[in-house]
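mind looking at a prediction? Sequence and model below.
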Amino acid sequence: MRRLVLEPRPAPAPFWQIGAPLLALGLTVSTLGLLLLLLGRPPLATLLIFFVTPLSSLYGLSECLMRAVPLILIALGFAVALRVNVWNVGGEGMFTLGAIAASLPALAFGDSHPFWLIPVMMLAGIAGGMAWAAIPAFLKTRADVNEILVTLMLNYVAALLLSFLVTGPLRDPAGFNYPQSAGFDDSALLAPLATGLRLNGSILIALAAVPLTGLLLDRSLLGFRLRVAGTAPAAARYAGLHTGRLVWIGFMISGGAAGLAGMLEVAGPLGQLSQVISPGYGFTAIIVAFIGRMRPLGIVLAALLLALLSLGGESAQMSLGLPTSVTRIFQGILLFSLLGADRLIAFRLRWSRK
Amino acid sequence: MSDATLVTGTLAAATPLIFAATGELMTERSGVINLGIEGMMLIGAVAAFATASNGWATPVALGAAIGAAMLAALTFAFLSLTLGANQYAAGLGLGIFGSGLSAFIGHDFGGSSLSPIAPWLFGLDPLVFLALIMAMGAAWFLDRTKAGLVLRAVGESPRAAHEIGYAVIPIRYAATLFGGGMAGLGGAYLALVYTPVWVEDMTAGRGTIALALVVFSAWRPLRLVLGAWLFGGVTLSGLFAQGLGIAMPSELISSLPYLATILVLALSRVFGRAWLNAPSSLGQNFHREG
């Protein structure tokens, strides 16, 4: 009987480090084309609308960059945490808590336009994300509780907390009972880089985080310690490393980054809190981190790709009437293809006779 | 709301949870964790809704839901069991994919409704009883049959099970597909009985609550049923309390299943690992040449 077997390679194939995401992208685009063909739509023209139309205007470009910002920040944090073997899939909840925490000073002090408002909101956002990350960090280091389940559950709790706040304590008193907070004062908003665009300085913060993460992961003692504690915890303890402290650092960096992303979103394109503040950035960022190979530069490219995919979904909706849910289908297929293609790094697939 | 409707309401609210969580429990007992329950439920829901709204009978719609969700589970199984991809990542991917696919297919059903299934016994539909039978069957299978023992052995120590001669990967495939079919039934219950109106993302977090229930029940099917009644009842009693004018934010009540599960996980330290009873190899892939 012939069967498909995975055969370990003698050494990892470096080609597939880069080849796997490209193969995955190719598979995803061909699946998209095939689906369009089945739906009776012209595949090439639609693919152009998906991937090229959004980039053909300055506004489209700025929207793409703007959507990439939260993806970059959350994915960088995810990659740092994964170094110490912490699976923080709670980016969505930490993003939400960051947005909530940043809104408090904005709503409390916005009327007197203090010059320090934006920096304080940033710190509040980071603290909010960190506070949410402290729950799984505490449970993992103290009680050895699986952080994946806890962070996943806390995403839902965060969404419910936000919903409670915008329908109750933080609801705009002059807002006709809409479930949203008051709009922020200008002093609590990041100014757009140019009139007519929504892109603001947050892209510079995201881009600054890229080399910083690179330095942290590859050039610092802390990065080395995180890696040792993540891959060989017993050896790390034997070498005298405080693995618990390193796990905390992984949680705090990923939580803080996601919280900052939430602050930048609420002080940027949103300008107020409402019931839904994220189109699933926290989940998409996990895909971004995988496509980007957990490398800072790769994460930037992957974030731009996924931001483009979500914009493309919207432009396909406007010009072709395709539902935007097509974007989530392709995010899923992209991750599936990548996880499959990834195995080519360490394994080769062969038919064997048996 | 009378006492009787509170009871039947609780039983109905618990049914999709019992289906999906019993399936996930069997999957996890084999050592595989599938985080994509929400996606499989949604795929089952849209398959059932599409079949039923085209005039097919309920059993056909249920069959379509089971089949479609099993196909989704097969994708996950191929990636994680055959190719050896990370189970957590593959499950998250399945969740995103399933919610997108169901919204895409269901786009044209927006707001359309089905005629609900008539009550059968004590004002309840047959699926409520089927869910209970499945959970009891799972308990009997795990504790009283040789096949159940083998399944547990694969989940506790795949290496040892393999050495004795059991086919670890095919057994895990079977458990994962069973989990998919049951999640599909849970989704179908939502689409056909519970809210026979098509709403995008109609599972509204129930897949994650099912995942929580498996932990909450310490991987035991009968406790899982009690947990599902508790979670279902708590949700309804929240509505009940609001009806009586007791101020209680609905968000707090909705978050109780998640918070309770986190608490159970935290307490596992206090009472010890054996109390939690998690399968030892949960989430770890198995390679024949280990």
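Right, received. Where do you want to start? Numbering: from 1, shown residues only, chains lettered A, B, ... in the order given.

now do the buried residues in stretch A:234-243.
Residues of stretch A:234-243 classed as buried: A:236, A:241, A:243 (neighbour count, 16 or more other C-beta atoms under 10 Å in any protein chain shown). Where C-beta positions appear, they are placed from N, C-alpha and C, glycine not excepted.

wait, residue B:14 touches residue B:231, no?
Yes - in this structure residue B:14 lies within contact range of residue B:231 using C-beta atoms under 8 Å: 7.1 Å.

now the closest residue to residue A:334 other than its chain neighbours: how far from residue A:47?
For residue A:334, ignoring the flanking residues on the chain, the nearest one in space by C-beta to C-beta, 6 or more residues apart in numbering or on different chains is residue A:28 at 4.5 Å. Computed as C-beta to C-beta, to the nearest Å, the residue A:28 to residue A:47 distance reads 11 Å.

which one of the two has more residues nearby?
Ranked by neighbour count (other C-beta atoms under 10 Å in any protein chain shown), residue A:28 and residue A:47 place residue A:28 first, with 22 against 17.

from what I can see that one touches residue A:333, true?
Yes - in terms of C-beta under 8 Å, residue A:28 counts as a neighbour of residue A:333; the distance is 5.1 Å.

for the stretch 1-150 of chain B, what lies in contact range of chain A?
Residues of the stretch 1-150 of chain B lying near chain A by C-beta under 8 Å from any C-beta of the partner chain: B:35, B:39, B:75, B:79, B:82-86, B:88-90, B:92-101, B:103-104, B:107.

which ones among the residues you listed map onto helices?
Judged by DSSP state H, these include B:39, B:75, B:88-90, B:92-101, B:103-104 as members of helices.

how close does residue A:237 get to residue A:243?
Distance check for residue A:237 against residue A:243: by C-beta to C-beta, it reads 6 Å.

ignore what I typed, I meant residue A:257.
To residue A:243, residue A:257 is 21 Å away according to C-beta to C-beta.

same deal with residue B:92?
Using C-beta to C-beta, one gets 26 Å for the distance from residue B:92 to residue A:243.

how about residue B:174?
Per C-beta to C-beta, residue B:174 is found 38 Å from residue A:243.

residue B:237 too?
43 Å.

how about the helices in the chain?
You didn't say which chain, so I picked chain A. Using DSSP H, helices in chain A cover A:14-38, A:43-51, A:58-83, A:91-109, A:117-143, A:147-167, A:202-214, A:221-231, A:233-238, A:243-265, A:281-291, A:296-320, A:326-346.

that was the other one, I meant chain B.
Per DSSP H, chain B carries helices over the ranges B:3-29, B:37-53, B:58-77, B:87-105, B:126-144, B:146-156, B:158-164, B:168-189, B:206-216, B:221-243, B:250-271, B:273-276.

which residues sit against the fifth one?
Among residues not part of helix B:126-144, those counted as contacts by C-beta atoms under 8 Å, 6 or more residues apart in numbering or on different chains are B:11-12, B:14-15, B:18-19, B:22, B:25-26, B:29, B:117, B:120-121, B:147-148, B:151-152, B:182, B:185, B:189, B:193, B:220-222, B:224-225.

now list the buried members of those.
By 16+ other C-beta under 10 Å, the contacts of helix B:126-144 give B:11-12, B:14-15, B:18-19, B:22, B:25-26, B:29, B:148, B:151-152, B:182, B:185, B:189, B:193, B:220-221, B:224-225 as buried.

contacting residues around stretch B:203-215?
Taking C-beta under 8 Å, 6+ apart as the rule, stretch B:203-215 contacts A:149, A:152-153, A:156, B:16-17, B:20-21, B:24-25, B:28, B:35-42, B:45, B:95, B:183, B:186-187, B:190, B:224, B:227-228, B:231, B:257-258, B:260-261, B:264-265, B:276, B:278.

give me the pLDDT for residue 56.
Went with chain A since none was named. Listed pLDDT for residue A:56 reads 88.

my bad, chain B
Turning to residue B:56, the model gives it a pLDDT of 89.
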